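Asks: Predicted model and sequence follow; I will ask about them next.
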Amino acid sequence: MYRKQYSSREFKKLLKNNGWYSTGRWDGDHEIFSDGVHTIPIALNLNRMIQFRLIKEFGLVEGRKRDVKALRACNE
């Protein structure tokens, strides 16, 4: 099965489309992202396997924007 490998810029866009936001904080070569509950550092040179683990662990979807308010309502 083929899985797309994302550039750092594309992966950050994927996170933002799934309701994650940059905290505006940097730690070395990592940008910190949060969804309000979880916080993860994203490296400038993000490894392909780490991308797949994060997509699976946090249920990130590609393409269209997710309805973030509906997801938060379901989780509460």
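Replies: It's in.

Asks: elements contacting whatever helix or strand Thr23 lives in?
Replies: Per DSSP states H and E: Thr23 is located in strand 21-27. Helices and strands touching strand 21-27, by 3 or more C-beta pairs under 8 Å, 6 or more residues apart in numbering; DSSP states H and E, are strand 30-34. C-beta: built from backbone N, CA, C; applies to glycine.

Asks: So which bits of the strand it packs on are buried?
Replies: Using 16 or more other C-beta atoms under 10 Å as the burial criterion, the residues of strand 30-34 that qualify are 31, 33.

Asks: And it, how far out from the chain middle?
Replies: Strand 30-34 sits 9 Å away from the centroid of its parent chain (C-alpha atoms, centre = their mean, to the nearest Å).

Asks: Do me a favour and average the pLDDT over that strand.
Replies: For strand 30-34, the mean pLDDT works out to 92.

Asks: any idea how far the residue positioned nearest the centre of the chain is from Arg3?
Replies: Centroid check for the chain by C-alpha atoms, centre = their mean gives Leu15 as the closest residue, at 3.1 Å. When distance is defined by C-beta to C-beta, to the nearest Å, Leu15 is 17 Å away from Arg3.

Asks: I'm done for today, thanks for sticking with me.
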